[in-house]
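Trainee: coords below, sequence missing:
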Ligand code: NDP
Ligand code: 8X3
């Protein structure tokens, strides 16, 4: 399949959660370069303000910002009601906000870590989808793209609850597609392997040295690599749904099989 990537995205309104860092920020840059308009949300307001200024300067992008914790259903609902009232219903929703916490075996896991992962990766994604999808269905247009992971295909030691949240994202990508049959709304997921972002620093509660070692000795994906895939998925013609797109770094063939140059 080939499709001209730029045109369908020009002028499209794209909502990205977790736009303050990593894949979310790179995705905002990719859509801005394609001429899209942006709705950017995250908890760290100064980060998204800085990104908005960069994109307005570089591309003249129309950017709207929201300080948002996706774990708060009332805040999510309130923002989406405002968007509807302001006629800013997104054409594309990128459910990117997410995180891992810890790598402890299950019998030593911290319940607060489990709750944060489930509340953000599963419930936050559901709150966003529940608020936006009816507006897309009513308008007869829309595409929701989740950030899944290879962690939703294969479990790894200590991944336990993070794995479970990404298995849930995979199940919900499939389930939402079933529920929306007969509408033009597409649900997709982009499922990366290792991407060098703040992900590991967050997983290890700010232990920068331990996080750095995750990406040592091989070439991981960059946030821009993943953003380019998300842009491609979003630019597919309306009759094409790239249902799940799995993307690995060449040095990684599954969660266990890595080529690391340890010299
Ligand atoms: P980063 O830590 O670099 O970025 C995570 C983003 O999520 C930040 O912008 C953060 O913003 C936001 N976020 C976290 N919690 C919340 C919340 N409660 N409400 C709103 N925003 C929140 O990680 P990545 O860019 O790597 O991760 C993005 C997505 O990609 C996640 O869903 C992750 O699971 C997935 N993924 C990552 C991979 C990797 O190897 N890095 C591989 C496969 C999938 P803020 O703190 O300002 O709110
Ligand atoms: C992030 C990739 O392999 O660290 O989802 O879980 S991994």
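Mentor: Received it, and whenever you're ready, just let me know what you need. What you are looking at is a predicted structure, and each value in this text was computed from that prediction instead of being measured. Ligands and ions are numbered 1, 2, ... in the order given.

Trainee: Per-residue confidence, residue 5, what does it come out as?
Mentor: Residue 5 carries a pLDDT value of 47.

Trainee: for the stretch 151-263 of the chain, what spans make up the strands?
Mentor: Chain-ordered strands for the stretch 151-263 of the chain, with DSSP state E, counting those that start in this stretch as the definition, fall at 186-192, 244-247.

Trainee: Wait, a helix at residue 145?
Mentor: No. Counting by DSSP: H, G, I helix; E, B strand; the rest coil, residue 145 is not found in a helix; it is strand.

Trainee: picking that back up, okay, the strands of the stretch 151-263 of the chain in JSON lines with mean pLDDT and distance to ligand 2 next?
Mentor: In short, each C-beta sits where N, CA and C put it, glycine included. Formatted as JSON lines, those follow (pLDDT from 0 to 100; distance: least, Cβ to the nearest ligand atom, whole Å):
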{"stretch": "strand 186-192", "mean pLDDT": "98", "distance to ligand 2": "7"}
{"stretch": "strand 244-247", "mean pLDDT": "98", "distance to ligand 2": "11"}
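
Trainee: OK, contacts around the closest residue to residue 191 other than its chain neighbours?
Mentor: For residue 191, the nearest residue in space outside its immediate sequence neighbours is residue 148; the separation is 3.9 Å by Cβ to Cβ, 6 or more residues apart in numbering. The neighbourhood of residue 148, defined by Cβ atoms under 8 Å, 6 or more residues apart in numbering, consists of 166, 169-170, 173, 189-191, 244.

Trainee: so which of the residues you listed comes closest to residue 122?
Mentor: Minimum separation from residue 122 among the contacts of residue 148 (Cβ to Cβ) is found for residue 169, which lies at 7.1 Å.

Trainee: Hmm, that closest one is touching residue 152, no?
Mentor: Yes. The pair residue 169 and residue 152 qualifies as a contact (Cβ atoms under 8 Å) at a distance of 5.7 Å.

Trainee: Give me the buried positions along stretch 61-81.
Mentor: Along stretch 61-81, these residues count as buried under the neighbour rule (16 or more other Cβ atoms under 10 Å): 61-66, 68, 70-71, 75-76, 79-80.

Trainee: Show me the contact partners of that stretch.
Mentor: By Cβ under 8 Å, 6+ apart, the residues outside stretch 61-81 that reach it are 17-18, 32, 36-43, 45, 48-49, 51-52, 55-56, 88, 97, 116, 119-120, 123-125, 127-128, 131-132, 135.

Trainee: Report the distance from it to the chain centre.
Mentor: Distance of stretch 61-81 from its chain centroid, counting by Cα atoms, centre = their mean, to the nearest Å, is 15 Å.

Trainee: Next, the distance between the ends of it.
Mentor: End-to-end span of stretch 61-81 (Cα to Cα, to the nearest Å): 23 Å.

Trainee: do it and ligand 1 meet at all?
Mentor: Yes. Using Cβ under 6 Å from any ligand atom, a contact is recorded between stretch 61-81 and ligand 1, made by 68-71.

Trainee: Work out for me the element residue 99 sits within.
Mentor: Residue 99 belongs to no helix or strand when elements are defined using DSSP states H and E.

Trainee: can you pull the contacts of it?
Mentor: For residue 99, the contacting residues are 116-117, 120-121, 199, 202-203, by Cβ under 8 Å, 6+ apart.

Trainee: check the residues you listed against ligand 2, which are close?
Mentor: Of the contacts of residue 99, not one also sits near ligand 2 (Cβ under 6 Å from any ligand atom).

Trainee: Could you give me the PyMOL syntax to select whichever of those are buried?
Mentor: Selection of buried members from the contacts of residue 99 for PyMOL, criterion 16+ other Cβ under 10 Å:
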select buried, resi 116+117+120+121+199+202+203
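
Trainee: buried subset of the contacts of stretch 61-81?
Mentor: So, by 16+ other Cβ under 10 Å, the buried ones in those are 17-18, 32, 36-42, 48, 51-52, 55, 97, 116, 119-120, 123-125, 127-128, 131-132, 135.
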